[in-house]
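Peer 1: Need coordinates for the following:
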Amino acid sequence: LLPLVQFCAPSPMQHALSQVLQEADGPFQGHDSYYSWLREMYASKRTMLLSGMEEAGLKPTEGTGGFFVMADARRLLPLVPQSYLDAAEADDRPADFALCRWLAERHNIITIPGSPFFGQHDGEPEPPCLIRLAFCKSDEVLERANEQFQQVGHELRNYEKLKMMEKDDEEEGGKHLHEDKSHAEAALASSK
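Peer 2: As a prediction, the model looks like this:
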């Protein structure tokens, strides 16, 4: 029966749906209609997810609809252990697969690699590293994701601080090491 229901709605369902559609145009939970309530609810969820993504160093793209957000994740690639990148390369997959696997295994954040959605452009200096996230989740799930994103952001800031210290030390001819460098290295190591 299920395969038939997927492609044609029985008469009682059609009648019920016509009633629901009429009711959805009326006021709903303090909004002009169910649709305006639904739009505001998903806009709120999207905003919640975007704040966590930005905290983690992701650069979300502007979307105009749907339940997904694409983000440029290139800034996170240096955090991905080489073993993940090697495994992706061995499977002839781009780095976004390694990043998504690392986010899932290390931070419990499930993302979808963006590369299958786009073709490879010749002459591109480096392939894009886009990931896709869904915000059609409960607020509790989005809050937990944002907590995980905070950890990713902390790890990224430690990494970038360490790289900046190394660059400063190099520019000074390696004459002295910064005291904070060992603290940054320890913080980065403990976050992995």
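Peer 1: quick one: the helices in this structure?
Peer 2: Remark: helices assigned in the chain by DSSP state H are 2-7, 11-24, 34-55, 82-90, 95-107, 139-171, 179-191.
Peer 1: Now do the fourth one against helix 95-107, angle only.
Peer 2: Put plainly, it is helix 82-90. Inter-element angle recorded for helix 82-90 and helix 95-107: 140 degrees (by axes from the mean of the first three to the mean of the last three CA atoms, to 10 degrees).
Peer 1: contacting residues around helix 82-90?
Peer 2: Applying CB atoms under 8 Å, 6 or more residues apart in numbering, the external contacts of helix 82-90 come out as 94, 95, 97, 98, 99, 101, 102. Any C-beta I mention is one placed from the backbone N, CA and C, and that applies to glycine too.
Peer 1: how much space is there between residue 62 and residue 46?
Peer 2: 11 Å (CB to CB, to the nearest Å).
Peer 1: how near is residue 150 to residue 77?
Peer 2: Shown here: residue 150 relative to residue 77, a distance of 19 Å by CB to CB.
Peer 1: hang on, the earlier thing: counting neighbours around each, name which of residue 62 and residue 46 comes out higher.
Peer 2: Legend: neighbour count by other CB atoms under 10 Å for residue 62 and residue 46, higher for residue 46 (19 against 6).
Peer 1: and the helices of the chain as TSV, adding mean pLDDT and distance to residue 72?
Peer 2: As requested, the helices of the chain are exported to TSV (pLDDT from 0 to 100; distance: least, CB to CB, whole Å):
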stretch	mean pLDDT	distance to residue 72
helix 2-7	60	36
helix 11-24	88	37
helix 34-55	95	10
helix 82-90	95	18
helix 95-107	96	10
helix 139-171	92	14
helix 179-191	60	22
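Peer 1: Distance from the chain centre to stretch 9-17, please.
Peer 2: Relative to its parent chain, stretch 9-17 has a centroid offset of 38 Å by CA atoms, centre = their mean, to the nearest Å.
Peer 1: Quick check, central residue of the protein?
Peer 2: Residue closest to the mean C-alpha point of the chain, counted by CA atoms, centre = their mean, is residue 133 at 4.5 Å.
Peer 1: now that one, which residues is it bridged with?
Peer 2: residue 69 (DSSP bridges).
Peer 1: didn't it look like it was pressed against residue 53?
Peer 2: Yes - using CB atoms under 8 Å, residue 133 is in contact with residue 53, at 6.9 Å.
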